[in-house]
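**Q** Turn this into a structure:
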Amino acid sequence: MGTSLLFQTIDQLSREKGIDTQVIISAVEDAILVATRKYYKTVEDLESHFNKETGQVEVYAVKKIVEQVADPEHEISLTQARVRDPQAELEGVVRIPKATDVLGRVAAQTAKQVIFQKVREAERETVFTEYNQRVGELVNCTVKRVEGSDVIVDLGRTEGRMPRREQSRLESYQVGDRLRAVITLVDRAARGPQVVVSRADGMLVQRMFEMEVPEIYDGTVVIRAIAREAGERTKVAVFSKDPDVDCVGACVGMKGMRVQSIIRELKGEKIDIIEFNEDVLGFAANALSPAKINHVSIIDMEEKRLEVIVDDTQLSLAIGKKGQNVRLAAKLLGWHIDIKSEEEKRQEIESQMAEMARRGASIIELTGLGEKTIERLQSHGIGTVEQLAGMTPDELTEIPGVGEKTVERIRKVVTDYFEAGQAASEEAAEGESAVAAEASAAELPAGEPGADGAAGLSVEAEGEAAATQMADVEGEGVRSEASEEPADIAAEGAETGVVETSPEGEAESGSAGDQPDEITRSH
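**A** Below is the predicted model:
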């Protein structure tokens, strides 16, 4: 049993487009059906069938068999039905052939448009079904053309579109360039290419690391988060499931070979590889590298807000160029980050303390007042000790629930509060004075009163020691400069009081057995 030329053409088209043969046959059948209905200008129920052997599309008008015909367009009598089919029965249907060789050029053009539309829809559905399962996959593609700001790439079976937002700032594209990109979206409703590819998505960096780092590919090292500004810098947070495997070292590679190949593919984009930490405070300190962090604290857990304190010299490094470092760190963590220097934090604390001092101490700090009394005072706008101390007994008794006994107790409590504060201030002042006096005594110079006596005794003792040493040397009969000029040496010792040291850092001995034959005096 042979096949017609039309069926062979349909089969070839289905292989080229990757479309099921039956889909194209259905498109041809629908096209001929539309052309037939348009030619005959009828509202009959029509059916079409493609004959593979003859290559013809047969069209039939389907009518229901009834006893009394009420709608000639859709019904037929039993007598008329048995003329066409002797086995026809009531409530059955009969198919009446419609000639298609008389459709003409206009009907053929209509059929052509319908076929093209059906095939195009089937092709788009096939592309969507195939590539929708490949979102996030790294693909090799070739730049086919440039349409405005979009780059159209050839993916093999279909075309892909790379819009401006998915392009790297460091790259320019020419027709014929070979690229590696990641599939980010398959748009069923797009008028042009349905597949959207990207060179700016963080998934591209992740897929490249999976190709370059075996530990990531086999799951030993896991990429937990990626924050990227394409063409500028990327931060990658990695975590090792095996405590014996250094996750950062595995990604960097020997002499940086692994990460350098990725940097070359991204045209020189900087990549920071940091270690992931379950503790958000430790993770924040790592994420802000290369800056050194002094302190990290959580300000608001619900709004996910962190405060980071750094040295004044590290502030610009922590923020980065145009805020890039802290912006990527915040994206990596998913938290808002407020960075302050030590000086800024100190000024903030001082301003808060000054504001508290300006407002005064709260009456809650008063010991001796009951909770109900404090509530009555607060309900009448009395919130600080200073406000309470400035009120007269008559003003206090005007408050409901405050009598003369309560006023007396309030007066005593406030008086005790201020006396305790004054006593604490005096003790602090006395302590500071004592510390200052001790420091002054320790730093007292030799020329001041109290130091002369000690200096004189020291010099005198050294002078006597020198004289004794010279006498011992002369008694031994050793000729030296010391024996010839004892007065000069003694005078010099009395004036300076200096003890010479040896090259090894030890003081020289004054015994006769250790003395050299000749003593040379330093000038």
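
**Q** Quick check: which ranges of the protein have low pLDDT?
**A** 1-3, 355-361, 421, 424-425, 428-429, 431-523 (pLDDT under 70).

**Q** measure the residue most central in space within it to Asn277 for me?
**A** Centroid-nearest residue in the chain: Leu332, 1.5 Å away (criterion: Cα atoms, centre = their mean). Distance, Leu332 to Asn277, by Cβ to Cβ, to the nearest Å: 11 Å. The C-beta positions use only the backbone N, C-alpha and C, and glycine is treated the same way.

**Q** quick revisit: tell me which element the residue nearest to the centre of the chain is part of?
**A** helix 324-333 (DSSP states H and E).

**Q** any residues touching that helix, and which ones?
**A** With Cβ atoms under 8 Å, 6 or more residues apart in numbering as the test, helix 324-333 has contacts from 225-229, 232-235, 237, 272, 280, 283-284, 287-288, 291, 306, 317-320, 336-337, 339.

**Q** Enumerate every residue touching Lys304.
**A** Contacts of Lys304 (Cβ under 8 Å, 6+ apart): Gly334, Trp335, His336.

**Q** for it, phi and psi?
**A** phi 50, psi 70 (degrees, to the nearest 10).

**Q** Next one: it from Asp338, what distance?
**A** Taking Cβ to Cβ, one finds Lys304 at 12 Å from Asp338.

**Q** which neighbours do those two share?
**A** Residues touching both Lys304 and Asp338 by Cβ under 8 Å, 6+ apart: none at all.

**Q** Not counting sequence-adjacent ones, nearest residue to Ser26?
**A** Spatially, and ignoring its direct neighbours in sequence, Ser26 is nearest to Lys118 (7.3 Å; Cβ to Cβ, 6 or more residues apart in numbering).

**Q** who does the helix or strand harbouring that neighbour touch, helix- and strand-wise?
**A** Using DSSP H and E, Lys118 falls within helix 104-131. Secondary-structure packing of helix 104-131 (3 or more Cβ pairs under 8 Å, 6 or more residues apart in numbering; DSSP states H and E): helix 5-17, helix 21-40, strand 178-186.

**Q** For Gln113, which of those is the nearest?
**A** Within those, the stretch nearest Gln113 is helix 21-40; the backing value is 7.9 Å (Cβ to Cβ).

**Q** How many residues are close by Thr42?
**A** 13 (other Cβ atoms under 10 Å).

**Q** Excluding covalently adjacent residues, which one is nearest to it?
**A** Glu73 (7.1 Å).

**Q** Surely that neighbour forms part of a helix?
**A** No: using DSSP: H, G, I helix; E, B strand; the rest coil, the assignment for Glu73 is coil, not a helix.

**Q** list the contacts for it?
**A** Neighbours of Glu73 in contact, by Cβ under 8 Å, 6+ apart: Thr42, Val43, Glu44.

**Q** Let's verify the first one: helix, strand, or coil?
**A** Using three-state DSSP, the three-state assignment for Thr42 comes out as coil.

**Q** got a markdown table for the helices and strands packed on helix 104-131, with distance to Glu58 and mean neighbour count too?
**A** Compiled in a markdown table, these are given as follows (distance: least, Cβ to Cβ, whole Å; neighbours: other Cβ atoms under 10 Å):
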| stretch | distance to Glu58 | mean neighbour count |
| --- | --- | --- |
| helix 5-17 | 13 | 14 |
| helix 21-40 | 9 | 19 |
| strand 178-186 | 38 | 18 |
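
**Q** now these as CSV including distance to Phe128?
**A** Below are the helices and strands packed on helix 104-131 laid out as CSV (distance: least, Cβ to Cβ, whole Å):
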stretch, distance to Phe128
helix 5-17, 14
helix 21-40, 14
strand 178-186, 6
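
**Q** circling back: please narrow the contacts of helix 324-333 to those residing in helices.
**A** Val280, Phe283, Ala284, Ala287, Leu317, Ala318, Ile319 (DSSP state H).

**Q** mind giving me the domain split of this structure?
**A** 5-127, 132-274, 277-353, 363-421, 457-498+513-523 (automatic domain parsing).

**Q** Using a markdown table, please lay out those together with distance to Glu430.
**A** Converted to a markdown table, these look like this (distance: least, Cβ to Cβ, whole Å):
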| stretch | distance to Glu430 |
| --- | --- |
| domain 5-127 | 88 |
| domain 132-274 | 52 |
| domain 277-353 | 23 |
| domain 363-421 | 15 |
| domain 457-498+513-523 | 34 |
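
**Q** Kindly indicate which of the contacts of Glu73 lies nearest Leu366.
**A** Nearest member of these to Leu366, counting by Cβ to Cβ, is Val43, at 95.9 Å.

**Q** so how many other residues sit close to the closest one?
**A** 10.

**Q** which residues touch it?
**A** Listed by Cβ under 8 Å, 6+ apart, the contact partners of Val43 are Glu73.
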